[in-house]
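Q: Generate coordinates for the sequence data below:
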Amino acid sequence: MSKTIEIFTDSSRFSNELELQIKHIACSRCTVIIYDASHPDSQEMMETKAAKYGVTVLPAVTLDGHVIPLDQLNKESIPTLVQKLLQKEN
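A: So this is what the prediction gives:
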């Protein structure tokens, strides 16, 4: 089953690491969309999506429109957390 993973980033070291780890563990059918605050051409779309999901802190990750709490990203290893969420959604 395909999932949509959206990553809201600010190009910080943690954001870049998060992006790479999520891309690495995402299934081949998953869609990974990156919104980067440092790229003006995607700023409007990022702001729209962030407002829709209630994202106020970067980096942030959503899975099928559900925000993964940042404290979970900090407590668990990112690959473990995202794999749990992907399995839970299947």
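Q: how about the strands in the chain?
A: 4-9, 31-36, 60-63, 66-68 (DSSP state E).
Q: average pLDDT across the last one?
A: In this model, strand 66-68 carries a mean pLDDT of 88.
Q: And for the third one?
A: Rounded to a whole number, the mean pLDDT of strand 60-63 is 89.
Q: Low-confidence ranges, the chain, go.
A: 1, 70, 72-79, 81-82, 85-86, 88-90 (pLDDT under 70).
Q: go with 80
A: Counting by pLDDT under 80, the chain shows low-confidence ranges at 1-2, 11, 69-90.
Q: now the helices for it?
A: All helices of the chain, identified by DSSP state H, fall at 13-25, 43-53, 70-75, 78-89.
Q: Pick the most deeply packed of the strands of the chain.
A: Most buried of the strands of the chain by mean neighbour count (mean count of other CB atoms under 10 Å) is strand 60-63; its value is a mean of 22. (C-beta placed from N, C-alpha, C; glycine too.)
Q: Adjacent strands (with direction) for that strand?
A: According to DSSP bridges, strand 60-63 has the following sheet partners: strand 4-9 (antiparallel), strand 66-68 (antiparallel).
Q: Can you convert the strands of the chain into JSON lines and add a column each for distance to residue 43?
A: Output for the strands of the chain, formatted as JSON lines (distance: least, CB to CB, whole Å):
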{"stretch": "strand 4-9", "distance to residue 43": "12"}
{"stretch": "strand 31-36", "distance to residue 43": "9"}
{"stretch": "strand 60-63", "distance to residue 43": "15"}
{"stretch": "strand 66-68", "distance to residue 43": "20"}
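Q: Just give the nearest non-adjacent residue to residue 60, would you?
A: residue 8 (4.2 Å; CB to CB, 6 or more residues apart in numbering).
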